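>>> okay, sequence plus prediction incoming.
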Amino acid sequence: MANWPTVIDTIARLVRAHSAAIEIPVLLTEVAEIALSCGGDDRAAMLAHEALFYLGEAPGATASKALRVLGAAHMAQGRAETAMKLLDRAIAMAAEAKAPAIEASALCQNGLISLNHGDYVKAERRFRRAIDLLAPSPELLAVAHHHLALALMFQGSREAEHHAQAALALRRDPDSHLAEADRILLARLRQTPAPRTNE
């Protein structure tokens, strides 16, 4: 039975050997994202670097996505400063390429780093911007609302409950682990003493 690193490496070899040159960076970026979701931050970083090599200096949606995956890989490796710089580049490039889903995803990852480092105001700004971009995508929008609720909760804002409720309302599957996380957050928010109002 093959393990996931072997599967990732095999898929990457197949992409390199059998794909049209123009498709290689797109497919390598997708494989990098899969590797990252399996916990393979080293492989994800390597594949994202390779995709960026194929793309050269050309800005675009694929390059911004590869930068986002590379930033997420660095975040998983504990390199927050490098991750933030890569995610900032991904955000700017996605905005230029008019790729709102990629921009919003990078904003959310950037916001999570800020949240984890106690910069709740910056996290809040990132999540609010992601929400603005994600209006047409309910599942991604729910994730952004959930993260914004966390940032607001840590700032003691009453608005946090509104965003946690919005996240739960947007979930397609009310029994999913994500919906459960929204309910847990709502319960936590309702148990805390009355916070100050966010102006």
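Arrived safely. Numbers count the residues shown, from 1 in each chain.

>>> next up, the contacts around residue 80.
Each residue near residue 80 by C-beta atoms under 8 Å, 6 or more residues apart in numbering is listed here: 74, 113, 116-117. Using the backbone N, CA and C atoms, a C-beta is placed for each residue, glycine as well.

>>> how about TSV for those, with secondary structure and distance to residue 182 added?
Converted to TSV, those look like this (DSSP: H, G, I helix; E, B strand; the rest coil; distance: C-beta to C-beta, whole Å):
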residue	secondary structure	distance to residue 182
74	helix	28
113	helix	22
116	helix	19
117	coil	24
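
>>> between these, which is closest to residue 173?
For the contacts of residue 80, the minimum distance to residue 173 (C-beta to C-beta) is 27.0 Å, reached by residue 116.

>>> phi first, then psi, for the closest residue to that closest one other than its chain neighbours.
Distance criterion C-beta to C-beta, 6 or more residues apart in numbering; nearest residue to residue 116, sequence neighbours excluded, is residue 80 at 7.8 Å. With angles defined as degrees, to the nearest 10, residue 80 sits at phi -60, psi -40.

>>> what distance do you get for residue 80 to residue 112?
Applying C-beta to C-beta, to the nearest Å, the value for residue 80 to residue 112 is 10 Å.

>>> what do you get for residue 104?
Distance from residue 104 to residue 112, counting by C-beta to C-beta: 13 Å.
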